[in-house]
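# sharing a model prediction with you, sequence too.
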Amino acid sequence: MAADETTAKGRDYSDEDLQDLVASTDTGGRAPTNRNVALLISALAFLWSVFQLWIAQPQLWFAEYLPALNSSQTRPVHLGFAVILAYLAYPALKSSPRDRVPLTDWVLGIVASGCAFYVFLFSRDLAETARSGLPTQTQIIIGAIGIVLLLEASRRALGPALTVVGSIFLLYAYMGSGWLIPDIIEHAGLSLNSIINAQWLDTTGVFGIPLGVSTAFVFLFVLFGALLDKAGAGNYFIQLAFAGLGALRGGPAKAAVVGSAMTGLISGSSIANVVTTGTFTIPLMKRVGFSSEKAGAVEVASSVNGQIMPPVMGAAAFLMVEFVGISYVEVIKHAFIPAVISYIALVYIVHLEALKKDMPALGAAVNLGRMFLKIAIGFVVSGVAFTALVYAVKGVQSAAPGISGPVITLALLAAYVGAVKLAASKPDLALDDPNSKGFTLPTVGQVFPTGLQYLLPILVLIWFLMIEMQSPAKSAFYAVAVMLMIIVTQRPLKALFRGEDINAALRFGLNDLVEGMIAGARNMIGIGVATAAAGIIVATVTKTPIGTELAGLVEVLAGGNLMIMLVLVAVFSLILGMGLPTTANYIVVSSLMATVVVTLGAQEGLIVPLIAAHLFVFYFGIMADVTPPVGLASFAAAAVSGGDPIRTGFTAFFFSLRTAALPFLFIYNPTLILYGVDLGTWPGIVQAVFVFVVATFAMLLFAAATQGYFLARSKLWESAALLLVAFTLFVPGFWLDRVQPRFIERPAIELAAAFDAAEPGDSVRFVVHGPSFTDGAMKDLTILHHIDASDPATGRADAAGLFLLPEGDKLYMDEPMFGKPMQEKLSGFDFYGDERVEVISLLSPNHRITKYVFYIPALLLLGLVIVMQRRRQTKPAF
C-alpha cells in the first residue's frame, strides 16, 4: 500500500477509543457518571498515594507525631487499596456496566479490602496464632475469602491468565499427586488450613516479597512517572526526539524509537507508551512511506523495549534486588548496556528500512552518522558536567558541612526558577496535527529550553541512587518531592514571568497535582494485584517440591543441554506472558526457572551469574507483549495505524529479534551485562566503554543481517557472514574454547591444597560426580568457590563445609556441613545412595591466547562483505 493510500485510510479508532483502550488495560475502564461515585474512586486513589508517601520517608520532621508501620502492616494496606480499586474501576465482564458500579462490585470490593485490612489490624494476633502454626477458624475463613477475591480482582485487572495459573498452583499444593502431575514433582498434598495459612495469614504468600517490593519501591517510581507525565515531560520528550531526529531518512520512525525510550524512563506500560507516542508518530511514519503494519510494528518494538530500560524496567528491577540479593544500582548497571544497544539497533533497523524504500525526510535530510556523533558528544559533555557537579557538591559538603544542605537546596531552587523562567520565555509546547499537510518539525533550539525543569527531578533521583547510595525508596521519595513542587509551582511561576493570572495558574497547578496523584495510584492497581497474586505461586514453589524438582524435569526435557533448556525457558516465558503482565510473568518464571538455568549451566561447566538468568527470563517475558496472537501492544498500535494487528505483531517480533538474541548472548558472555566489571576504577570504566562499543557495533551488524540490507541489499551468504561476524564480536570466547580448553584438569586429590594455596579474591573450580537427589541418575556439577580475605590461612575446604574423604588417588565426599557455603551448592546430590559422591577433577585456568584474536578474521570477513556490497551500493549508508 502506498504512503498516500495508508494515510488516507486513517485509523480505525478515535482518540477517545484509544484512551479507553489504555484505561481498560492499565487504569480501569469504568467511568461512573455519578459524580459522587467518581469522586469516591478518585479519593481512594489519592489517599493511596498519600499513604505511600507517608510510609516512604518516616524520618521527616513530623515523623514523631505519626505512627511508624513495619512491612507486615504496610503490605496489607497497600493490597487493601489495590483490590477495592480493582473492583470499582474494572468491570467484571465486557457486558458489565461501565457508567456505574453495581452493588455486587461494591460488596466484593469492600469484603476483599476488609480481608486485607484484617491482616493489618490483627497483625499481633496473627503473629501469636497463625504465624505460629495455630490459625483460628475465623482466620481461615477470612483467608479463604481473601484468596478467592484476590484471584477475581486479578482476573478483572489483568485478564484470566494469572488467575488460572494461581488456581492451578493452589490445586497442585492441595492435591499433590494425580494423573496430570509428573512423578518427579508429586508430594503428599497440603491441608486446606495450611495452604490458607501460608498464602494469606503468613508473610510468605500473598503478603510476601513481591507485594513488599510493590509497596516499598514500585509505587513511588510509578507515581514519579505519572507526575512527570502530568507535568508535561512526556510531550517534551516526544517533541525533543522529533526535533533531533525527525529530519533524518525515516525520521518519524527514529523519533518514535527515541521518544519511546525516553518515555520508557517514566512509564512501565507498553500499551500506554504505544498510544501516547503512537498517535503522533505512526501517522508521520506512514507519511514518509512506512506501511500501516510496519509503522505500528516500529512503535510496538520501541514501546515494549521501554520496559527493559532502567530505572523502572516494568517494576522488575526492584524484584531483582530481592530475588538476586544485589543492590538496585547493581541491577541498573547490569541492565543498562543491553537496553541501550537494543535501542540503538532499533534506530538502525528503521534506518535500513528507510534506505530500502528510499524514504524521504521531513524537511532537509540530515546525516545519521553526524547525528550519532552529536549524541556521543552530548553524552560526553553531560558526563563531564555531572562529574563537575559531583565534585562541586562534595566540595561544599566538606567545606561547610553544617550549612551544605540548605546551600544545595537553595542552589537547586535557583536552578529550577531559572529553568522555568527560560521556559516561560518560549511558547508552550503543543503537538501539531500529524495528519495536516502543513506539519513542520520543531528544532532542538525551540524545544530544549522549554522543559529543562523536568530534568531536575531525574537528576535528584540519579544523585541519591548513584552518588549518595541511598535506597530506591528514599531516592524515589526525594525525586517525587521535587516533582510535587514542580507540578504545583511551574504554572504560577510561568504566569508570573509572563504577566498572566497567577491565581488561575495556581489552581491549574493544584489540579495537576491531584490528577497526577490519582493517575499514579490507578496505574498501580494492576501491579499491586499482580504482585499479590504472584505471591501465591512463589509460596507454592517454596512449600512444595516443585521448586527443587523442576530443575530435574527441565533437565530431562532438555536432555541436559543448556541451549535447549534456554530455548524451553524462552518459550515458556513467551507462553505465560501472553496472558500475564510483565511483572507477574517475571515473578512466576524467575521463581521456577532462574535457578534451573544456573544449575544446568554449572553442569556444563559454565558459571551463569544469577542476575543473567533473571534478565534472561525478564527479556522474554516482555516479548509476549509483542507476540501474536495475544500481544496487546500490537493490537493497540494497529488500532492507531489502521493496520492488521496480527501482521503488525509478527513484524514487530521480527524487529525485536535483536532483543530476543541478547539474553542468549549474555548468558554465554556475562561481560555484556558488565558482570565482573568494576566501574569504580579507571580500568573498569575503560573495559565497560570497550564492551559497549563492541557490543553496539556487533548488534548493528546483527540488525543488518536480519534486515537483509547493509550497504546494499544483501545476498544470502552476506547475511550469514554478517551474523557470523556479529556472533564472534559478541562471544569471541566461543571460538577460543574450540581451539584451547579453558581449564587444565588436575588430580582431584589436590583439592584441599588448592583451597589453601589460592590467594584472596581467587576462585577454586572443581567437578563433582554423583547421584542426583531427585531421580538418582548420575550427574556432573561444576562448583566455583571464591576465596575471601576473611577465610582462614589453612583448612579452607573444611571452613567452606566440605567433608573430603581421600581414598588412594580418589577423592570422595560426605554431606557438607549445614549452613556452610557448600551445603546449598551440593544440595542436588544424594549423599546416602548406593553410589558415592566423588570429586572427579580439579580445574585450573589454562594459559591461553587472548580471545580477541578472533576479532581479526571476523573483521576481515566483514571487510570482504563491505567490498562486495560497495560495488552495488546506490545510496549513502548513513
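That came in fine, so what should we check first?

# show me how far the helix ranked longest in the chain is from its chain's centre.
Here the longest helix in the chain is taken by residue count, with DSSP state H as the criterion, and it is helix 502-543. Centroid separation for helix 502-543 versus its chain: 17 Å, with CA atoms, centre = their mean, to the nearest Å.

# mean confidence for it?
The average of the pLDDT scores along helix 502-543 is 89.

# elements contacting it?
Packing contacts for helix 502-543, counted by 3 or more CB pairs under 8 Å, 6 or more residues apart in numbering; DSSP states H and E, involve helix 35-56, helix 71-89, helix 137-158, helix 160-175, helix 209-213, helix 219-231, helix 472-498, helix 582-589. C-beta coordinates here come from the backbone N, C-alpha and C atoms, glycine included.

# packed most tightly, which of these would that be?
helix 582-589 (a mean of 29; mean count of other CB atoms under 10 Å).

# buried residues in whatever helix or strand comes next after it, which are they?
For helix 582-589, the succeeding helix or strand toward the C-terminus, using DSSP states H and E, is helix 595-603. Applying a neighbour-count criterion of 16 or more other CB atoms under 10 Å, one finds T595, V596, V597, V598, T599, L600, G601, A602, Q603 buried in helix 595-603.

# repeat for stretch 709-726
In stretch 709-726, counting by 16+ other CB under 10 Å, buried: 709-714, 718-719, 721-726.

# quick one: terminal-to-terminal distance for stretch 169-186?
End-to-end distance of stretch 169-186: 13 Å, with CA to CA, to the nearest Å as the criterion.

# no, scratch that, I was asking about stretch 588-602
23 Å.

# tell me the mean pLDDT over that stretch?
78.

# could you check how far that stretch is from the centre of its chain?
Using CA atoms, centre = their mean, the offset of stretch 588-602 from its chain centre is 18 Å.

# same question for stretch 293-311.
Per CA atoms, centre = their mean, the centroid offset for stretch 293-311 relative to its chain is 13 Å.

# again, but for stretch 817-835
Remark: stretch 817-835 is offset 34 Å from the chain centroid, using CA atoms, centre = their mean.

# contacts for it?
548, 551, 599, 768, 770-774, 776, 778-779, 781, 783, 785, 799-803, 813-816, 837 (CB atoms under 8 Å, 6 or more residues apart in numbering).

# now, of these, which are buried?
548, 551, 599, 768, 770-774, 779, 781, 783, 785, 799-802, 813, 815-816, 837.

# circling back to that earlier point, which among the helices and strands packed on helix 502-543 is found nearest to I518?
Among the helices and strands packed on helix 502-543, the nearest to I518 by CB to CB is helix 35-56 (4.4 Å).

# tell me how many other residues crowd L456.
Other residues lying near L456 total 19 when counted by other CB atoms under 10 Å.

# is it true that it touches Q490?
No - judged on CB atoms under 8 Å, L456 makes no contact with Q490 at a distance of 10.7 Å.

# just give the closest residue to Q490, not the sequence neighbours.
Closest residue in space to Q490, ignoring its immediate chain neighbours: V420 at 5.5 Å, by CB to CB, 6 or more residues apart in numbering.

# just checking, that neighbour touches L496?
No - taking contacts as CB under 8 Å, V420 lies outside contact range of L496: 9.1 Å.

# got the domain boundaries for the chain?
Per automatic domain parsing, the structural domains of the chain span 31-45+71-211, 365-399, 548-739, 743-847.

# can you flag the weakest of the ones you listed by average pLDDT?
Here the lowest mean pLDDT among the domains of the chain goes to domain 365-399, at a mean of 78.
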